[in-house]
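Visitor: Sequence and computational prediction follow.
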Amino acid sequence: MPKKRESRGRRKGDKGKVEYVQCDNCGRRVPADKAICVTRMYSPVPPQLAEELEKKGAIIQRYPVTKCYCVSCAVHLGIVKVRPEEERKEKPAPV
């Protein structure tokens with residue numbers, strides 16, 4: 001059977017079994033190496049209020065929040081794009 005991806009869509013290599021994580025959007029269980037994780041800075045203060053406070057010299061703490069998504073949700077949310085055939089990487093011809 002032909003292999004579509006060299007990495008088989010994962011980052012584990014030959015580790016064997018990998019633990020699962022839960023998609024933060026739909027709740028699906030996804031292998032941790034296959035999940036698409038995004039880290040964004042989060043501030044509990046609303047942006048308009050934060051802007052006013054920063055003008056007055058206040059320092060507002062932001063902290064990183066990491067969310068993991070399954071491939072379906074990552075495509076749906078626009079985190080990962082499905083590339084057209086012209087933009088995909090060229091594979092070397094099999095020998």
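Guide: Received it, and whenever you're ready, just let me know what you need. Numbers count the residues shown, from 1 in each chain.

Visitor: Now do the phi/psi pair for the residue nearest to G9 when sequence neighbours are not counted.
Guide: Spatial nearest neighbour of G9, chain neighbours left out: K34 (6.2 Å); criterion: CB to CB, 6 or more residues apart in numbering. Using the backbone N, CA and C atoms, a C-beta is placed for each residue, glycine as well. With angles defined as degrees, to the nearest 10, K34 sits at phi -90, psi -20.

Visitor: for L53, same thing?
Guide: Main-chain torsions, L53, degrees, to the nearest 10: phi -70, psi -40.

Visitor: any idea how far it lies from P64?
Guide: In this view, L53 and P64 are 21 Å apart by CB to CB, to the nearest Å.

Visitor: Comparing these two, which shows the higher neighbour count?
Guide: The residue with more neighbours, out of L53 and P64, is L53; 13 against 8, by other CB atoms under 10 Å.

Visitor: Wait, the more buried one touches S43, no?
Guide: No - counting by CB atoms under 8 Å, L53 does not reach S43; the two are 10.7 Å apart.

Visitor: Residues in contact with both of the two, list them for me.
Guide: Taking CB atoms under 8 Å, 6 or more residues apart in numbering as the contact rule, L53 and S43 both touch I60.

Visitor: And the spatially closest residue to Y20 that is not a sequence neighbour, its phi and psi?
Guide: Leaving aside its sequence neighbours, Y20 sits nearest to R29 (CB to CB, 6+ apart; 4.6 Å). In this entry, R29 is assigned phi and psi values of phi -80, psi 130 (degrees, to the nearest 10).

Visitor: any chance you could map the helices in this structure?
Guide: 47-55, 71-77 (DSSP state H).

Visitor: Give me the contact list for the longest one.
Guide: When contacts are defined by CB under 8 Å, 6+ apart, helix 47-55 is touched by residues S43, V45, I60.
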